[in-house]
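A.B. asks: take a look and give me a structure for this.
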Amino acid sequence: MEHLLIGSTLAALATGLGALPILFFKNINHKWRDILLAFTAGVMVSASMLELLPEALALSNIYLTGLGLILGTFTLTQLEKRVPHIHIEHKTKAIVIDRKAALIIAAITLHNLPEGLAVGVSFASEQESMGPLIALAMGIQNMPEGLLVALYLIQSNIGKFKAFLIATATGAVEIVTALLGFWLASYVDFILPVGLAFAAGAMLFIVYKELIPESHGDGNEKNSTFSFIFGLLVMLTLIDLFS
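C.D. replies: Numbering: from 1, shown residues only. Take a look at the predicted model:
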């Protein structure tokens with residue numbers, strides 16, 4: 001439990017670490033924004049396909065793994081319909097937000113739910129290296145996310161320091177869902193493989209529905225593609241080092 005709390009807290013605080021540069025820089029062009037989104041997508045795909053789903057299959061079978069994958073995708077689909085969500089207008093000169101800043105916070109918090117769950121169920125796994133590895137992966141992908149949240153808030157006329165604090169706070173939900181995932185996986189046998197696949201399905205939904213389309217909307221497809229591959233390689237290297 002102690003390792004879970006440390007891992008989930010560090011992963012959550014990585015959102016604030018990513019937002020830290022906002023205290024010194026105000027603007028980021030679309031090229032770098034799209035590169036960050038694609039890198040995040042690469043990390044999440046690699047974590048899902050090379051760690052979460054293989055472990056779910058090893059612990060159960062294709063039926064439970066498939067069930068979890070479908071449930072994760074379906075749950076994120078329903079949450080997206082019911083929770084106010086932000087879509088960024090694709091313009092070459094500035095990042096434009098067409099809704100109130102409060103909706104941004106709701107959208108990012110929604111994205112953090114499956115990430116915390118992935119950390120929790122991973123720490124419940126018998127594979128000791130999985131929990132720290134997935135926590136590290138979530139922390140890595142939280143950093144560009146934190147930077148983007150802070151940038152959006154600043155462009156909604158929110159002060160730099162307040163934007164930094166809010167961006168950091170959006171990661172706190174991961175600690176709660178990590179504890180929930182760990183508790184469920186510890187007391188219900190089939191929850192662990194289903195939970196791992198659920199987290200993978202939810203993250204893959206975010207990647208395909210949000211991150212990749214937004215990273216390809218401003219003419220930066222080539223740069224985003226290389227950044228996506230680099231994100232895959234970073235996570236692949238971590239898996240090789242820690243497994």
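A.B. asks: so where does Ile158 fall, helix or strand?
C.D. replies: Per DSSP states H and E, Ile158 falls between elements, in no helix or strand.
A.B. asks: which of the helices and strands in this structure ranks last by mean pLDDT?
C.D. replies: Ranking every helix and strand in the chain by mean pLDDT, DSSP states H and E puts helix 101-123 at the bottom, with a mean of 69.
A.B. asks: downstream of that helix, the next helix or strand is which one?
C.D. replies: Scanning onward from helix 101-123 (DSSP H and E), the first element met is helix 130-154.
A.B. asks: buried residues in the next helix or strand after that next one, which are they?
C.D. replies: Downstream of helix 130-154, the first helix or strand assigned by DSSP H and E is helix 160-169. Judged by neighbour count (16 or more other C-beta atoms under 10 Å), helix 160-169 contains these buried residues: 160, 163-164, 166-168. The C-beta positions use only the backbone N, C-alpha and C, and glycine is treated the same way.
A.B. asks: could you do stretch 62-69 as well?
C.D. replies: For stretch 62-69, by 16+ other C-beta under 10 Å, it's 64-69.
A.B. asks: just the residues contacting that stretch, thanks.
C.D. replies: With contact meaning C-beta atoms under 8 Å, 6 or more residues apart in numbering, stretch 62-69 is reached by 53, 56-57, 190, 193-198, 200-201, 204.
A.B. asks: Val121 is in contact with Gly195, isn't it?
C.D. replies: Yes - the pair Val121 and Gly195 passes the contact test of C-beta atoms under 8 Å, sitting 3.7 Å apart.
A.B. asks: report the buried residues of stretch 167-181.
C.D. replies: 167-168, 170-181.
A.B. asks: my error: substitute stretch 17-33 in the last question.
C.D. replies: For stretch 17-33, by 16+ other C-beta under 10 Å, it's 17-19, 22, 28, 30, 33.
A.B. asks: just the ones of those residues in strands?
C.D. replies: Judged by DSSP state E, the buried residues of stretch 17-33 include no members of strands.
A.B. asks: pick the one among the residues you listed closest to Leu147.
C.D. replies: Closest to Leu147 out of these is Gly18 (4.5 Å), distances taken as C-beta to C-beta.
A.B. asks: wait, the closest one sits on Met138?
C.D. replies: No - applying C-beta under 8 Å, one finds Gly18 not in contact with Met138, separated by 11.9 Å.
A.B. asks: picking that back up, and the furthest pair within the buried residues of helix 160-169?
C.D. replies: Distances among those were taken as C-beta to C-beta; the most separated pair is Lys160 and Thr168, at 12.8 Å.
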